[in-house]
Structures are given as C-alpha cells and as structure tokens.
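*Asks:* Based on what follows, work out the 3D shape:
(one chain, ligands or ions: 2)
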Amino acid sequence: MEKIFKRDFSELQGIFRRPEPINIFARQRMRELNRLFEGLSRYNCEPSCKQCCYGSILMSYTEFSAITLYLQENWAAKQVQELIEQRVGQKKDDGTLLCPFLHPEKEREHCSIYQVRPLICRVFGTTAAPCNERIEPVSLDDAVFHLGYHLLYYSGRQFIALNLDAKMALFEAPFALWCLADNSEADRRLLSFYLEHNGDSLGAVLFDRERNEFFTLRRGKRIAFSNARDKGREKNGNDA
Ligand code: SF4
Ligand code: SF4
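*Replies:* Ligands and ions are numbered 1, 2, ... in the order given. This is a model prediction of the structure:
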C-alpha cells in the first residue's frame, strides 16, 4: 500500500522524546477521559464491524502524546518499529488513510490501543455520532462529549495546537501528521510545505496564526470554520 509521503517513516524518533510536562499532562487527561467514558464500556456494535476505523481518524496533540506513551510503555520495541515502518501513513487504494492501529484481520479486538483510543473512536456508535450500520446507538449526553473534547483540546481556557511555522499551527490531525509535526524541525517544515502545496490536509484542522482562524484544506481549497466546529470557541490562544 502507498504511503502519504515519500518520507521514510522508519526514522521517526523524535515522537518518543517529548518534554516530560507534556507527557504528564497527556497521561492525566487520558485518565480523566477514561473515567468520563467509564459507563460507556458496552456498545451495540457487531464485534466484526470496524467501518468507522477507516478514513482520517483525527485526534488532538494530547491524544497523540498519550498514544505514543502507551506504545513506549506497553509494546515491545520491535512491535513499535514495525508500526512506524509499515503502518503509519499508509493510504488505502481509494486515497483514504488507514488507521495504523487497526487490525483488520482480527475478529474481535481489532483496535490495538483500545485503552487510549481517541475521543472520536469512543463517540462512534453513540447518539452523539450515530453510524450508518443497523445498531442501536448507546446514549451519550452531548455535555459529556464536550467535556471530553475540552479535556483533550484545551488547557484551561486556551486551545492546544502545535506551531508548524510562523503562519500555521496544527490543531487536530491523523496520527501520521502528528508524527511528522513532532519529529523534528525539518519534518515540521516538510509537513507545512506538503499542506500548503498538496492542498489537502486529510481532514486535519489547522490554525492560521496571522488571521487567527481555523481552517482545513480540501481539494486545493481552504475552508475556514466560522466557529471552527466549535474549535477554539471559548477563547483563542495557542499553547505550543
Ligand atoms: S484507534 Fe482503534 S478504534 Fe480508533 S480508528 Fe484506530 S483501530 Fe479504530
Ligand atoms: S460504530 Fe458503527 S461502524 Fe463503528 S463499529 Fe460500531 S457499528 Fe460498526
């Protein structure tokens, strides 16, 4: 399968060397998210269904950090290496991204990072984001979703984003884009260049630091969020 970039993903080392205060924050927020969603452990999905795992699974920098910590602490080095080399950044034939943590061959436990899976993965199959399959969505109060969102995307009243360059910051992105953003200065520049020239951000939400505006790139077009799908709705700011 094709990769999203020509970049050799096997050399990604920087993503495992994050400053400790960020690690502490990510761990704490993921613990709080798990507590918040504790009552939702039973979904009505067919065990073999994983339709919502295909596509651009977006996550915050907090979730990305929590996942990489989980990999470091729970996976063997060889397994992590295989993930980075072979699965991160893979695109399906139809151009959509493949979640690197999906094990399509497994019937039941198809998610290899279930304890730290992103918020969006927890919301599918609930009343907050019902899917097209014939299942009874489990009840999820919108307020709970917003609380979870706030935990992961905000620190106090400021939203969390990672600056790519003087003009642009990354707010929400698939795992592979976060890997590039966090690996090195050179990779940040590469990612910035890719986003600007490719004209498709794979669903990622970017922040224009000059215009103070959230946007995404789709088929060469810049689509600004009027209220950023509630992104940054409480207060504009940039932690990173
Ligand atoms: S993280 Fe897990 S639940 Fe989420 S899309 Fe990937 S495999 Fe599916
Ligand atoms: S939420 Fe829907 S698409 Fe996702 S696993 Fe459940 S039934 Fe399948």
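*Asks:* give me phi/psi at Thr173?
*Replies:* Not quite, residue 173 is Ala, not Thr. Recorded main-chain torsions at Ala173 are phi -160, psi 160, according to degrees, to the nearest 10.
*Asks:* For Arg134, see how far away it is.
*Replies:* In this structure, Ala173 lies at 31 Å from Arg134, with Cβ to Cβ, to the nearest Å as the measure. (Each C-beta comes from the backbone N, C-alpha and C, glycine too.)
*Asks:* neighbour count winner among the two?
*Replies:* The residue with the greater number of neighbours, taking Ala173 and Arg134 and applying other Cβ atoms under 10 Å, is Ala173; the counts read 27 against 7.
*Asks:* so what's the more buried one closest to, chain neighbours aside?
*Replies:* Spatial nearest neighbour of Ala173, chain neighbours left out: Ala204 (3.9 Å); criterion: Cβ to Cβ, 6 or more residues apart in numbering.
*Asks:* and that neighbour, what is it in contact with?
*Replies:* Listed by Cβ atoms under 8 Å, 6 or more residues apart in numbering, the contact set of Ala204 reads Ser56, Leu58, Leu170, Phe171, Glu172, Ala173, Pro174, Leu177, Leu195, Thr216, Leu217.
*Asks:* which one of these has the most neighbours?
*Replies:* The member of the contacts of Ala204 that has the most neighbours, counting by other Cβ under 10 Å, is Glu172 with 30 neighbours.
*Asks:* Surely that residue forms part of a strand?
*Replies:* Yes: judged by DSSP: H, G, I helix; E, B strand; the rest coil, Glu172 forms part of a strand.
*Asks:* what are the bridge partners for it, then?
*Replies:* Following DSSP bridges, Glu172 is listed with bridge partners Val205.
*Asks:* Roughly how far does it sit from ligand 1?
*Replies:* Using Cβ to the nearest ligand atom, to the nearest Å, we find Glu172 at a distance of 14 Å from ligand 1.
*Asks:* got a list of what that residue touches?
*Replies:* Residues in contact with Glu172, defined by Cβ under 8 Å, 6+ apart, are Leu58, Met59, Ser60, Tyr153, Ala204, Val205, Lys231.
*Asks:* and which of those is nearest ligand 1?
*Replies:* The closest of those to ligand 1 turns out to be Met59 (Cβ to the nearest ligand atom; 8.5 Å).
*Asks:* number of nearby residues for the closest one?
*Replies:* Taking other Cβ under 10 Å as the neighbour definition, Met59 ends up with a count of 23.
*Asks:* That one and Gln13: what is the separation?
*Replies:* Met59 sits 20 Å away from Gln13 when distances are taken as Cβ to Cβ.
*Asks:* Tell me if I'm right that Cys52 and Gly125 touch.
*Replies:* Yes: using Cβ atoms under 8 Å, Cys52 is in contact with Gly125, at 7.3 Å.
*Asks:* So for these two, which residue has more residues nearby?
*Replies:* Under the criterion of other Cβ under 10 Å, the comparison of Cys52 against Gly125 puts Gly125 first, with 22 against 18.
*Asks:* Please enumerate residues in contact with the helix or strand of the chain at the bottom of the mean pLDDT ranking?
*Replies:* Every helix and strand in the chain was compared by mean pLDDT, DSSP states H and E; the lowest is strand 2-3, with a mean of 83. Strand 2-3 is contacted from outside by Phe9, Gly89, Gln90, Lys91, using Cβ under 8 Å, 6+ apart.
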